[in-house]
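Model the following, please.
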Amino acid sequence: TEFFQKNEIPNPRLDAELLLAYVLKCKRIDLYTQHEHPVPEKDREKFKGLIQRRAKREPLQQITGETEFWGLRFQITPAVLIPRPETELLVEEALKLKPLEVLEIGTGSGCISIALAKQLPEAKIVATDLSKEALALARENAQTHGVADRIDFLLADIAPWRTFEAADRRFDLIISNPPY
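Here you go, the predicted structure:
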């Protein structure tokens with residue numbers, strides 16, 4: 001915590017605890033409830049390496065390879081952007097509409113489409129991205145959350161409706177949170 005404070009890392013204690021819990025493969029609360037257990041040397045070395053990465057401003061989520069969105073855990077890689085907390089507002093607003101046919105442009109990790117699929121079991125969702133790596137990760141996240149059968153993942157640019165014109169497909173909602 002002190003090292004992160006000296007290096008002006010926001011939330012120094014939280015980041016330190018999350019990294020240690022990641023290394024020990026436990027929940028953060030376990031650090032408090034099982035504090036009498038010594039940390040093995042190999043885990044201390046790994047922890048030190050992760051501390052150095054975080055001190056260089058590498059995002060915590062990239063270090064651990066996961067993040068939380070809409071109360072769900074998502075895998076992330078350098079192939080996708082880290083979902084921002086304010087993106088949950090898009091999901092919140094979309095849910096008010098109760099759409100049955102949704103198109104997401106630029107799905108990334110799949111967090112928006114997956115959150116909508118979890119909340120709207122009747123909805124059919126098409127999630128597009130320009131990146132094959134992002135789509136593969138989004139599919140994996142959808143499988144983890146049990147909604148892969150209700151989301152079609154398509155490799156497409158920012159104008160995917162051209163693809164759907166021939167099929168005369170209509171959507172109740174087109175949603176996107178592109179990078180800026």
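
Low-confidence ranges, the protein, go.
Confidence mapping of the chain against pLDDT under 70 gives the ranges 158-168, 180.

For it, just list every one of the strands.
66-69, 72-75, 101-105, 124-129, 151-155, 173-176 (DSSP state E).

Run a quick neighbour tally on residue 117.
When neighbours are counted by other CB atoms under 10 Å, residue 117 registers 23. For the C-beta atoms, the positions are set from N, CA and C on the backbone; glycine is no exception.

Contact partners for it?
Shown in contact with residue 117 (CB atoms under 8 Å, 6 or more residues apart in numbering): 123, 125, 142, 145, 147, 150-151.

same thing with residue 98?
Listed by CB under 8 Å, 6+ apart, the contact partners of residue 98 are residue 120.

Need phi/psi at it.
Residue 98 adopts backbone torsions of phi 50, psi 50, taken as degrees, to the nearest 10.

mind checking how far it is from residue 39?
Distance, residue 98 to residue 39, by CB to CB, to the nearest Å: 48 Å.

Equivalent analysis for residue 59, please.
Using CB to CB, residue 59 is found at 24 Å from residue 39.

give me the beta-bridge partners of the spatially most central residue of the chain?
By CA atoms, centre = their mean, the mean C-alpha position of the chain lies nearest to residue 74, the distance being 4.1 Å. Residue 74 has these beta-bridge partners by DSSP bridges: residue 67.

can you give me how far stretch 72-80 is from the chain middle?
4 Å (CA atoms, centre = their mean, to the nearest Å).
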